[in-house]
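Participant: Got a predicted model here, sequence first, then my questions.
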Amino acid sequence: MRKFLLASVAVVGLAGSTFALNAFAASGDTPAMAQMQRMQERHAVMLDAHLAAMKAGLKLTDEQAKYWPAFESAIRDAETARADRWRQARERMAQGEPPSPIERMTIMSEHLQKTAEQLKAVADAGKPLYDSLTDAQKHDFGPLMRDLRLRGRR
């Protein structure tokens with residue numbers, strides 16, 4: 001059952017990343033707003049599916065389940081912030097003039113800093129959950145989290 005769950009999560013992740021790559025490759029330029037809206041909606045659906053698969057795969061007890069909402073909320077907040085940064089990047093590209101190399105480095109450093117802060121928030125929210133898991137659940141947590149993290153980023 002666990003292999004089937006992990007395989008299902010992997011297939012869903014690959015399908016989501018393929019959809020995003022095909023959307024950009026087909027247009028050769030920034031996708032239209034309607035297409036971007038569909039991609040964002042699909043991204044939200046995929047996140048819901050991955051979180052549900054992760055929770056089901058861990059088979060949390062009632063005691064452990066009380067730590068899940070904070071962990072899930074931190075992941076959703078990080079994904080929302082990532083989507084906002086992506087939207088801001090598209091808006092900068094639509095303005096026409098590319099940023100200077102110095103501006104590009106500044107943008108990149110800000111992006112890395114925000115990503116680090118969000119990763120820390122997810123780790124902090126996930127620590128109580130992880131600490132409450134059995135050794136078998138901890139063994140499954142890593143691959144399930146990796147599948148969630150890699151979703152749409154290949």
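Facilitator: On my side now, so go ahead.

Participant: make it CA atoms for all contacts and neighbour counts henceforth
Facilitator: Noted.

Participant: Show me which parts of stretch 73-82 are buried, residue by residue.
Facilitator: Ala74, Ile75, Arg76, Ala78, Glu79, Arg82 (16 or more other CA atoms under 10 Å).

Participant: pLDDT wise, what is the fourth one at?
Facilitator: If you check Ala78, the pLDDT there is 91.

Participant: all helices of the protein, in order?
Facilitator: Using DSSP state H, the helices found in the chain span residues 2-27, 33-58, 62-65, 68-94, 101-132, 135-150.

Participant: ok, of these, where does mean pLDDT dip lowest?
Facilitator: Comparing these on mean pLDDT, the least confident stretch is helix 2-27, scoring a mean of 46.

Participant: burial measure for Leu129, as a count.
Facilitator: For Leu129, the count of nearby residues is 21 (other CA atoms under 10 Å).

Participant: With Leu47 instead?
Facilitator: 21.

Participant: Switch the buried residues of stretch 73-82 over to CSV; also include distance to Lys59.
Facilitator: CSV is the format used below for the buried residues of stretch 73-82 (distance: CA to CA, whole Å):
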residue, distance to Lys59
Ala74, 20
Ile75, 19
Arg76, 20
Ala78, 24
Glu79, 24
Arg82, 28
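
Participant: wait, which of those residues is closest to Ala121?
Facilitator: Proximity of these to Ala121 (CA to CA) peaks at Ala74, which lies at 6.3 Å.

Participant: unless I'm mixing things up, that closest one is touching Lys120, no?
Facilitator: No - using CA atoms under 8 Å, Ala74 is not in contact with Lys120; the gap is 9.6 Å.

Participant: Only the buried residues of stretch 60-69, if you could.
Facilitator: Residues of stretch 60-69 classed as buried by neighbour count (16+ other CA under 10 Å): Leu60, Gln64, Tyr67, Trp68.

Participant: Which residues are in contact with the last one?
Facilitator: When you say that, I think you mean Trp68. Trp68 makes contact with Gly126, Leu129 under the criterion CA atoms under 8 Å, 6 or more residues apart in numbering.

Participant: go on, the one 4 residues further on?
Facilitator: By CA under 8 Å, 6+ apart, the contact set of Glu72 is Leu51.

Participant: Quick check on Glu97: phi, psi?
Facilitator: Dihedral pair for Glu97: phi -80, psi 120, per degrees, to the nearest 10.

Participant: Please report how far it lies from Glu103.
Facilitator: 12 Å (CA to CA, to the nearest Å).
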